[in-house]
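Visitor: need coordinates for the following:
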Amino acid sequence: MTGVQTCALPIYEAGHFIAAKSVGMKATQFFFGFGPKIWSTQRGETEYGIKWIPLGGYVRIIGMNPLEDVAPEDMGRTYREKKFWEKSIVVLAGVGTNFLLAFLMFYGILLINGVPGERIPTVAVVVADSPAAAAGLVEGDTITAINGEPVSDWTDATDALVATGPGPAEIVVDRDGETVVVDVVLAENENVPGAGFLGVSPVVPQKDVGLIEGIGFAGQLVWRGITDTFSALFNMIRPSSMAQYFGVFLGDTDVPDEIRPVSPIGIVSIGAQVENVAFFISILASINVILATINLLPFFPLDGGHFAVALYEKITGRQADIRRLAPIAIAVVGLFVFLGFVAIILDITNPINL
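Guide: Numbering: from 1, shown residues only. Down below sits the predicted model:
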């Protein structure tokens with residue numbers, strides 16, 4: 001959208017475009033990327049194309065910029081002339097499309113794969129160089145007792161490890177129908193001081209999800225993505241994080257994953273490494289939630305900022321002076337452009353390896 005050139009996927013801008021068309025606004029451009037034009041084609045009144053910098057995309061809607069001169073023949077089809085509800089539909093269509101797409105992706109994965117059920121005390125993974133590995137525990141062993149304490153589920157196993165603490169312990173397992181007693185020296189659990197650390201992960205069976213139940217689970221995943229995005233944004237704009245980003249331009253590409261921005265180049269790289277289709281789709285769903293959450297922030301020129309302006313004009317009956325919002329717009333665009341270039345440098349020089 002004009003003034004809302006955010007880091008977005010084409011489907012996001014398609015939401016704006018379709019919504020604008022549905023309420024009679026004129027959209028003259030629909031581009032993926034920014035900067036110099038690579039290719040474009042004219043279809044009716046809209047130019048569709050691709051530009052060199054793959055940091056998002058935009059739809060140009062006539063009259064969205066209040067300082068724009070509008071041709072007489074376009075009067076009646078401009079953003080500024082439309083009603084509040086029509087403006088709201090257009091500016092929120094992008095985030096709505098992202099949230100809906102993410103929900104449907106999560107919902108489909110849940111219906112196919114189900115959700116994790118109760119963990120059982122059967123060993124799924126033995127951590128390398130752990131007490132379990134040293135003692136000879138193997139995948140498929142089912143723990144039946146720890147230091148004489150019977151184990152029927154994974155909660156029993158963790159409780160027994162807490163009670164036993166670091167040091168010698170006797171682990172009884174069922175291995176292919178045969179009872180095996182294993183002597184092990186437990187380490188101390190770094191996350192639970194005083195508890196014993198064995199070094200195994202349990203089997204987590206998948207539980208089927210019904211059509212109605214899946215709606216609730218998918219909604220929870222979208223909500224969790226929203227809260228995680230806010231947390232990540234807070235961590236990314238801290239002074240210490242910004243200092244690390246500036247260091248990237250000086251050659252220091254050792255940026256922690258917790259605050260690392262990712263560009264479309266990084267997304268493609270991650271996708272190429274993922275063999276599990278469901279996991280890849282969940283990544284795409286999460287990206288949609290992140291994009292929608294960021295664009296919903298009430299800062300001009302993000303979509304949330306445009307909605308805030310439209311709401312202000314509806315409540316006050318006065319046209320907002322967009323020029324006063326220019327410093328905010330410059331700061332917001334500057335921040336995302338800066339993070340975008342940091343992400344591109346990191347994804348080229350220090351690709352993410354799953």
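Visitor: buried stuff in the helix or strand where residue 94 lies?
Guide: Element membership for residue 94 (DSSP states H and E) is helix 84-113. Neighbour-count burial for helix 84-113 flags 86-99, 101-103, 105-107, 109-111, 113 (criterion: 16 or more other CB atoms under 10 Å). C-betas here are computed from N, CA, C, even on glycine.
Visitor: before we move on, what about stretch 119-129?
Guide: 119-123, 126.
Visitor: ranges for the helices of the stretch 51-200 of the chain?
Guide: In the stretch 51-200 of the chain, the helices defined using DSSP state H, counting those that start in this stretch lie at 84-113, 131-135, 154-164.
Visitor: for residue 308, which of those helices is the nearest?
Guide: Nearest to residue 308, of all those, is helix 84-113, at 9.5 Å by CB to CB.
Visitor: for the record, mean pLDDT for that closest one?
Guide: Average pLDDT, helix 84-113: 93.
Visitor: counting by contacts, list what that helix packs against.
Guide: helix 10-22, helix 211-236, helix 277-295, helix 303-316 (3 or more CB pairs under 8 Å, 6 or more residues apart in numbering; DSSP states H and E).
Visitor: run the chain-centre distance for it.
Guide: 14 Å (CA atoms, centre = their mean, to the nearest Å).
Visitor: quick one: that helix to helix 211-236, angle?
Guide: 110 degrees (axes from the mean of the first three to the mean of the last three CA atoms, to 10 degrees).
Visitor: among the buried residues of stretch 119-129, which one lies nearest to residue 145?
Guide: residue 121 (9.9 Å).
Visitor: so what's that closest one closest to, chain neighbours aside?
Guide: In space, and not counting its chain neighbours, residue 121 is closest to residue 143: 4.2 Å by CB to CB, 6 or more residues apart in numbering.
Visitor: what's near enough to touch the one you found?
Guide: 121-123, 151, 157, 171-173 (CB atoms under 8 Å, 6 or more residues apart in numbering).
Visitor: quick one: which of those residues is nearest to residue 340?
Guide: Closest to residue 340, out of all of these and judged by CB to CB, is residue 123, at 43.9 Å.
Visitor: so for residue 299, what's the pLDDT?
Guide: 91.
Visitor: element containing it, please.
Guide: Judged by DSSP H and E, residue 299 forms part of no helix or strand.
Visitor: next one: residue 319
Guide: Here residue 319 is assigned to no helix or strand, by DSSP H and E.
Visitor: tally of neighbours for the spatially closest residue to it that is not a sequence neighbour?
Guide: Counting by CB to CB, 6+ apart, residue 313 is the residue found nearest to residue 319 once chain neighbours are left out, at 6.0 Å. When neighbours are counted by other CB atoms under 10 Å, residue 313 registers 15.
Visitor: which ones are touching the closest residue to residue 285 other than its chain neighbours?
Guide: Excluding the flanking residues, the one nearest residue 285 by CB to CB, 6+ apart is residue 105, at 3.7 Å. Neighbour list for residue 105: 281-282, 284-285, 288 [criterion: CB under 8 Å, 6+ apart].
Visitor: now render those residues as TSV, adding pLDDT and neighbour count.
Guide: Shown next, in TSV, are the contacts of residue 105 (pLDDT from 0 to 100; neighbours: other CB atoms under 10 Å):
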residue	pLDDT	neighbour count
281	90	16
282	91	19
284	88	15
285	93	24
288	90	27
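Visitor: rewinding a little: correct me, but the residue nearest to residue 319 touches residue 84?
Guide: Yes. Assessed by CB atoms under 8 Å, residue 313 is found in contact with residue 84 at 7.4 Å.
Visitor: and residue 256, what are its phi and psi?
Guide: phi -60, psi 150 (degrees, to the nearest 10).
Visitor: what sits against residue 14?
Guide: 30, 97.
Visitor: on that earlier part again, from residue 305, how far off is the residue nearest to residue 319?
Guide: 13 Å (CB to CB, to the nearest Å).
Visitor: same thing with residue 338?
Guide: Distance from residue 338 to residue 305, by CB to CB: 18 Å.
Visitor: check residue 209 too.
Guide: With CB to CB as the criterion, residue 209 and residue 305 are 37 Å apart.
Visitor: so what pLDDT did residue 9 get?
Guide: If you check residue 9, the pLDDT there is 53.
Visitor: now swap in the one 4 residues further on and tell me
Guide: The predicted local distance difference test score for residue 13 is 79.
Visitor: residue 289 too?
Guide: pLDDT, residue 289: 94.
Visitor: what about the closest residue to it other than its chain neighbours, neighbour count?
Guide: Spatial nearest neighbour of residue 289, chain neighbours left out: residue 225 (3.4 Å); criterion: CB to CB, 6+ apart. Residue neighbour count, defined by other CB under 10 Å, stands at 20 for residue 225.
Visitor: ok, residue 225 - contacts?
Guide: Neighbours of residue 225 in contact, by CB under 8 Å, 6+ apart: 102, 285-286, 289-290, 293.
Visitor: quick check: of those residues, which lies closest to residue 180?
Guide: Checking those against residue 180 with CB to CB, the nearest one is residue 286 at 41.6 Å.
Visitor: distance of that closest one relative to residue 104?
Guide: 13 Å.
Visitor: same deal with residue 159?
Guide: From residue 159 across to residue 104, the span is 40 Å (CB to CB).
Visitor: go on, residue 18?
Guide: 17 Å.
Visitor: cool, residue 298 as well?
Guide: Residue 298 is 26 Å from residue 104, by CB to CB.
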